Every structure is written in structure tokens, then in C-alpha cells.
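K.L.:
Let's see this in three dimensions:
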Amino acid sequence: MNTSPWGSSLESNKAAGTRLELLLFQLEGRQLYGINVFKVQEVIPFKKLTRLAGSHPMVSGVATLRGVTMPIMDLSRAIGGPAMKDPENGYIIITEYNRSVHGFLIRRMDRIINTQWDKVQSPPKATGRNAYVTAVTMVDDKIVEILDVEKVLDQVVRASTNVSADLSAQIDAGNRHVLVVDDSSVARNQISRALEQLGIQCTQVPDGQHAIQLLEKMLADGVDVSEHFTMVVSDIEMPVVDGYQLTTWIRQQPQLKDLYILLHSSISGVFNVDMVKRTGANKFIQKYHPDDLAIAVQERIGADTSA
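P.N.:
Take a look at the predicted model:
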């Protein structure tokens, strides 16, 4: 049963992007962790690593896998746990996030499960701002912690948030305001820092549910939301209400029919392009490059100015 405050309007659009496949695994303890299968290229038994001088303490070494030389991170250590013992008895998850390939050491594989985003919840606030968990769900009465891999990677490979000088000089943002929706605090801050270089103010919310609550309050207060926000920049994979469901909900509101929506995800491919069309979003770009984001904003402002 859907207990969301917007109820039936979202219930009728369950087909819009709620499916989620999780790869479940364990580190040194019994706790189950999960990451989105769409971001996993392969899981292989441990391979011999080469330790490079001066590499980050969380990087156990590098390996050439699938023809790509990539860093292999000790995931247990990266999220604040103990270093993995006897890694040669473990596995490596090969992932692609934000246009780069990385490997993560894990102890053991569990399984792949199919669920829905509305069965995934944001982590309790008591976990603190430094937690590496972006969401939680239940599987066989056990809590599964869905890791904020973007936050893990940011410790080792910090993504640049600098917009090219020649590009930022071309963009006259004026007094613009953007709603940023993403369950990763690292991703929200990356987007905001890039847009602020263009003179754009950003309001951040952690998922689609919070975005809907904010938009409903603004509408109830008589705010012209499409005038207030130049655009919504939203992640796709989020707990409770994902980016596709958020887009569908916005398009169902007569007062928000002109609100521009940019979906921004580390998952690329034809599937996303198709879902952008089906749900009514205006554009999709892959995470994360500040210039791509700036260009998308420039296109929006240009279209808005010429309209």
C-alpha cells in the first residue's frame, strides 16, 4: 500500500522507473550491503594487485581487468571499517561510476535481488552526516545498507567542480534558482558548486519525496514555481520516489507543466533516454562533468530567453 502524501496520483504511475536490482554482498562482518546492479560490470575472484608508491591508503593496488587498468579500493576500510584480512580469499566488484571504472574489494557475494524504489527508505537521521549509506531496505527481515559509492569515491578521486572559464564567461545566468534533487550529499554539493560559479542559487533536497513536499508547499503558498525555479536537476536512482516518478508527478500538476526537468545520473544508456521521453523530462545527461552541466543550463536559459 502506498502511504505517500500524494497518494493515487503517484500510485497510478508505478510503472515509471521504480524497478531496482541490487547486488548484495558482505565485507568483514555479517551486515549486508547493496549497490545498484546497473552500475556493476562484473564480479570476479581476487586478482593479484600492484601497489603503486604514494597511492591513497584506501587503494589496495591497481589491476588490469577487462583491458582497463583501474584502482582497487578496500571497501571495508573506505567506509570506516577494518582493513580486509586475507583479500586473496575475497572478490572484486568492477563498477562504473561517473564515467570511470573502479574495483572494490569485498569478502563475499550474497545474491542479486529485484525490488522497487518505493520499498527503499532514506537512512535514519541518527546515522549522522558522515555515514556512507544512501538508503536502506529490508530483505528476509534483514537490513540492507545501500552504499553511497559517490561519497566513497570522493575520498580518493575528487571530481572537479570547476566550470571552464571560457564557458562560464558565456553564460549570463542572471537571478536564477535551481532545485537540486539527489540522495548523495556529495553529488548535491558537486552540482551546487558548479552552478554557483554561474551565479545560480541552489536549493538542495535528498530525494523525490522531499522534492514533492517542497513543491506542494510552494504551490499551497501561492508561489509560481516555474518562475521561481529555472529548472530541476534530479538524480534518477533515489529511495521512496525516484527521478522518473518525480518527473511523472510534476507533469501531472497543471501549475508545474512548464517546469524544466534535467535528469542527471551515473547510469547511462538507451534505457534512460527512452524513460526521459516517457516520463516527460526535458533532458538527460550522464554524471558527472561540470561543463556538461553548464552547457545544459546554458541551453535552458537560452531557450527561456528566446521564448
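K.L.:
now the strands for the stretch 1-150 of the chain?
P.N.:
In the stretch 1-150 of the chain, the segments counted as strands under DSSP state E, counting those that start in this stretch are 19-26, 32-36, 40-45, 59-65, 68-74, 91-97, 100-106, 108-116, 133-139, 142-147.
K.L.:
Flag every buried residue along the fifth one.
P.N.:
Along strand 68-74, the positions that meet the burial threshold by neighbour count (16 or more other C-beta atoms under 10 Å) are 70, 71, 72, 73, 74. No exception for glycine: its C-beta is placed from N, CA and C like everyone else's.
K.L.:
and the helix or strand hosting residue 263, what does it pack onto?
P.N.:
Using DSSP states H and E, residue 263 maps to strand 261-265. In terms of contacts (3 or more C-beta pairs under 8 Å, 6 or more residues apart in numbering; DSSP states H and E), strand 261-265 is packed against strand 231-234, helix 243-252, helix 270-279, strand 283-286, helix 290-306.
K.L.:
Repeat the analysis, applying 7 Å as the threshold.
P.N.:
Counting by 3 or more C-beta pairs under 7 Å, 6 or more residues apart in numbering; DSSP states H and E, the packing neighbours recorded for strand 261-265 are strand 231-234, helix 243-252, strand 283-286.
K.L.:
For that strand, which outside residues touch it?
P.N.:
231-237, 243, 247, 250, 272, 276, 281-287, 296 (C-beta atoms under 7 Å, 6 or more residues apart in numbering).
K.L.:
Please save the CA atoms from that strand in CSV.
P.N.:
C-alpha atoms of strand 261-265 as CSV (Å, rounded to 0.1, in the frame of the first residue of the first chain):
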residue,chain,number,x,y,z
ILE,A,261,13.5,18.9,-15.7
LEU,A,262,17.0,17.7,-16.3
LEU,A,263,17.7,14.1,-15.2
HIS,A,264,21.3,13.6,-14.1
SER,A,265,22.5,10.1,-13.5
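K.L.:
relative to helix 290-306, how tilted is it?
P.N.:
170 degrees (axes from the mean of the first three to the mean of the last three C-alpha atoms, to 10 degrees).
K.L.:
Any idea how far strand 261-265 is from the middle of the chain?
P.N.:
Offset of strand 261-265 from its chain centre (C-alpha atoms, centre = their mean, to the nearest Å): 10 Å.
K.L.:
Mind checking the pLDDT average for that strand?
P.N.:
Taken as a whole, strand 261-265 has a mean pLDDT of 91.
K.L.:
repeat for stretch 94-106
P.N.:
87.
K.L.:
start at 48 instead
P.N.:
Let's use 48 as the start, then, which means that last one is stretch 141-153.
K.L.:
for the stretch 98-247 of the chain, which spans come out with low pLDDT?
P.N.:
173-177, 219-220 (pLDDT under 70).
K.L.:
Checking residue 205 next. Helix, strand or coil?
P.N.:
coil (DSSP: H, G, I helix; E, B strand; the rest coil).
K.L.:
what's the neighbour count on it?
P.N.:
As a burial measure, residue 205 scores 10 neighbours (other C-beta atoms under 10 Å).
K.L.:
What's opposite the closest residue to residue 204 other than its chain neighbours in the beta bridge?
P.N.:
Leaving aside its chain neighbours, residue 204 sits nearest to residue 147 (7.1 Å; criterion: C-beta to C-beta, 6 or more residues apart in numbering). Judged by DSSP bridges, the bridge partners of residue 147 are residue 144.
K.L.:
how near is the residue nearest the centre of the chain to residue 269?
P.N.:
Central residue of the chain (C-alpha atoms, centre = their mean): residue 282, 5.2 Å from the mean position. When distance is defined by C-beta to C-beta, to the nearest Å, residue 282 is 29 Å away from residue 269.
K.L.:
One more: residue 342?
P.N.:
34 Å.
K.L.:
do residue 307 as well
P.N.:
21 Å.
K.L.:
likewise residue 235?
P.N.:
The value you get for residue 235 to residue 269, if C-beta to C-beta is used, is 27 Å.
K.L.:
More neighbours: which of these two?
P.N.:
residue 235 (20 against 6).
K.L.:
The strand or helix carrying the more buried one to strand 308-312, inter-axis angle?
P.N.:
Take DSSP H and E as the rule and residue 235 turns out to sit in helix 232-243. Angle, helix 232-243 to strand 308-312, by the same axes, to 10 degrees: 130 degrees.
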